[in-house]
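Enquirer: Provided below are the primary sequence and the corresponding predicted coordinates.
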Amino acid sequence: HLFAPRHVILSTLVPNLCQNLSSNYLMLRKAAISCLRQLTTREAKEVCEHALTLVSDDDKFALSDYGLPGVLFGMLDTESDVVMIKNIHDTITSMLQIL
C-alpha cells in the first residue's frame, strides 16, 4: 500500500482528487484515479464518504446521486486511455466489494 494511514488526511485528499477527475488534463485525471484506486483497496467506505462532502462544498463539480461510483461509471463512457479505464474498473470493484 502506497500510503501510510497515519499520514494521509482523507478529508482533504479525497475531495481534491475528486475535483481532479474533471480536469482537462489527462495526466492529472490519471494520477487522481490511480491514487483513488490505491486508497480504495483499503479504505473504500471512507473514500466514498469523504467524496460526498464535496457535493455541498463545490457546486462546480457535482457528484451524481450515486456518489463517487456514479462519477466513475460516467467516466467509463468518456475516457479512452486503456490504463485509465483499468484503474477506474479496479476502483469501482474495490468500492463494490466493501459497500
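Expert: Perfect, thanks for sending it.

Enquirer: buried sites along stretch 35-44?
Expert: Counting neighbours by 16 or more other CB atoms under 10 Å, one finds that the buried residues in stretch 35-44 are Cys35, Leu36, Arg37, Gln38, Leu39, Thr40, Thr41, Glu43, Ala44. Just so you know, the C-beta spots here come from the backbone N, C-alpha and C atoms, and that holds for glycine as well.

Enquirer: residues contacting that stretch, please?
Expert: Under the contact criterion CB atoms under 8 Å, 6 or more residues apart in numbering, stretch 35-44 has outside partners 1-3, 5, 8, 10, 13-14, 17-18, 47, 68, 87, 90-91, 94-95, 97-99.

Enquirer: now list the buried members of those residues.
Expert: Listed as buried from these are Leu10, Leu13, Val14, Leu17, Cys18, Val47, Leu68, Asn87, Asp90, Thr91, Ser94, Met95; burial here means 16+ other CB under 10 Å.

Enquirer: show me where the protein has its strands.
Expert: Per DSSP state E, the chain carries no strands over any range.

Enquirer: for it, what spans make up the helices?
Expert: Chain-ordered helices for the chain, with DSSP state H as the definition, fall at 10-20, 26-57, 67-78, 82-98.

Enquirer: now these as JSON lines including mean pLDDT?
Expert: Written out in JSON lines, the entries for these read as follows (pLDDT from 0 to 100):
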{"stretch": "helix 10-20", "mean pLDDT": "93"}
{"stretch": "helix 26-57", "mean pLDDT": "89"}
{"stretch": "helix 67-78", "mean pLDDT": "91"}
{"stretch": "helix 82-98", "mean pLDDT": "95"}
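
Enquirer: just give me the neighbour total for the nearest residue to Lys30 once chain neighbours are set aside.
Expert: For Lys30, ignoring the flanking residues on the chain, the nearest one in space by CB to CB, 6 or more residues apart in numbering is Met84 at 5.3 Å. Other residues lying near Met84 total 18 when counted by other CB atoms under 10 Å.
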